[in-house]
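A.B. asks: A structural model of the following input is requested.
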Amino acid sequence: MSETPRSRETGGDTSTGLPQRRTGPAFAHTPHRSDGRSPQTPRGARQPDPGGRPGTTPPVPGRPAILLLLLSLLGLALTTWQVLVSGPLLTPDERLSRALVRTVPDSVTERLSDLGNVPVAVPVLLLAMAYSVRRSRAWAPALTAGLAMALVPAVIVPLKEWTARPGPLEPWAAGYFPSGHTATSAVAYIGAALLVSPYVRRPWPMALALLLTAATATGLILRGWHWPVDVLASCFLCTLLLVPVAHTVRRAVRPPA
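C.D. replies: Numbering: from 1, shown residues only. Now for the predicted structure:
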């Protein structure tokens, strides 16, 4: 009786045979890439977005940042509208100003107001921009902060001319809304803190920036240079300018995947 191929397979020593690749129906639909790589990307290899969700490249501003931008834009529009139409918001604003003006000596409030002067605040931002470029080797954060500062007069001056609001101590003058000194101090000091904070282990830069901005706003109100709503509107405006700076800084300092 002749030996068949099947008998040769079963009759020999099976321990030394190499496993054969099966080609049954269970393996017929397994996808294969032409370059030999796995058909699926491992979960650990996906680049996360700022919120930790995998698969988003490049990162985009998260929902909290977008919500903050919308609220700031709404606040700026609301305060501007109230000034233009002499709305009910101005009544408590004027009462608060009359209660606070000159309650602190002018020698103190004028020094606080000077923190928002361009020769005082802008050099701080320029130093932070240079430091950021030196540490990160990236120009985007510094340029974004510089653009935010350049937009301050570009936006403030037309708003002052449009609203023509008189001052607390100078009712015959106009052009007090919004506060340019508050905007200058906020963009300069907070922008500088955003540029420096990634390279400092402690949160003192942002705390100091907020303190300087608050001191400037307080000095302006107590001295009578601005109404409280003028300062509030500038805070809304500066938020719109500083959120892109914070987003650009986060992208620049993120470690490579």
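
A.B. asks: Which residue ranges of the stretch 151-257 of the chain form helices?
C.D. replies: Counting by DSSP state H, counting those that start in this stretch, the stretch 151-257 of the chain has these helices, from start to end: 180-185, 191-196, 204-223, 228-253.

A.B. asks: for this protein, which spans come out with low pLDDT?
C.D. replies: Regions of the chain meeting the criterion pLDDT under 70 cover residues 1-62, 254-257.

A.B. asks: Deepest-packed of the helices of the stretch 151-257 of the chain, please.
C.D. replies: A comparison of the helices of the stretch 151-257 of the chain by mean neighbour count, using mean count of other Cβ atoms under 10 Å, puts helix 180-185 on top with a mean of 28. Just so you know, the C-beta spots here come from the backbone N, C-alpha and C atoms, and that holds for glycine as well.

A.B. asks: Please list the outside residues in contact with that helix.
C.D. replies: The set of residues external to helix 180-185 that reach it, using Cβ atoms under 8 Å, 6 or more residues apart in numbering, is 113, 115-118, 121-122, 149, 152-153, 156-157, 160, 212-213, 216-217, 220, 225-226, 230-231, 234-235, 237-238.

A.B. asks: just stretch 195-210 next, same as before
C.D. replies: Around stretch 195-210, the neighbours that count as contacts under Cβ under 8 Å, 6+ apart are 128-129, 131-132, 135-136, 141-142, 145, 189-190, 192-194, 245, 249, 253.

A.B. asks: and stretch 170-177, which residues are buried?
C.D. replies: Buried residues in stretch 170-177, counting neighbours by 16 or more other Cβ atoms under 10 Å, are found at 175, 176, 177.

A.B. asks: Among the residues you listed, which one sits closest to residue 108?
C.D. replies: Within the set of those, residue 176 lies nearest residue 108; the separation is 21.1 Å, counting by Cβ to Cβ.

A.B. asks: so who does the residue nearest to that closest one when sequence neighbours are not counted touch?
C.D. replies: Setting aside the residues directly before and after it, residue 176 is nearest to residue 167 in space (Cβ to Cβ, 6 or more residues apart in numbering), at 4.5 Å. Listed by Cβ under 8 Å, 6+ apart, the contact partners of residue 167 are 173, 176, 224, 225, 226, 227.

A.B. asks: Any chance of the backbone angles for the fifth one?
C.D. replies: Taking degrees, to the nearest 10, you get phi -150, psi 150 for the backbone angles of residue 226.

A.B. asks: hang on, isn't it packed against residue 175?
C.D. replies: No - proximity of residue 226 to residue 175 does not meet the contact threshold set by Cβ atoms under 8 Å, at 10.9 Å.
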